[in-house]
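Student: Give the three-dimensional model of this entry:
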Amino acid sequence: MNNGRGEAEVLAAFNDGYQYSKTKLEESLRQVMTLKPTKSSKDAVVLKREDIDLIVNELGIPRSHAEKALLESGGELEKALRALVAS
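Tutor: A predicted model of the protein is given here:
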């Protein structure tokens, strides 16, 4: 229904007042489509459980910190250990 105010076409209206408009959905879709992926699956770093366990047991740090260090070092244990010791 066009009332001359340029309102978006409503695709669905709900009893609680929320509604979806075609214009807003298309705009949101365009924004999502222009986002660049952060990492592809080919670039994913595989963390080894034994590397994480070694860092946690030897340095006595939380598992989440060990995982973060390994991710930042590209999964390389030696780089992760050097970075953690230097910090």
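Student: Would you mind checking the average pLDDT for stretch 36-52?
Tutor: Stretch 36-52 shows a mean pLDDT of 77.
Student: next one: stretch 66-82
Tutor: 94.
Student: Tell me which residues of it come out buried.
Tutor: By 16 or more other Cβ atoms under 10 Å, the buried positions in stretch 66-82 come out as 66-67, 69-70, 73, 77, 80-81. Placement of C-beta: from N, CA and C, glycine included.
Student: Could you identify the most distant pair in these?
Tutor: Largest separation among the buried residues of stretch 66-82 by Cβ to Cβ: 67 and 81, giving 13.6 Å.
Student: Return the list of helices and strands in contact with the host helix or strand of residue 81.
Tutor: Taking DSSP states H and E as the criterion, residue 81 maps to helix 77-86. When contacts are defined as 3 or more Cβ pairs under 8 Å, 6 or more residues apart in numbering; DSSP states H and E, helix 77-86 packs onto helix 49-59, helix 63-72.
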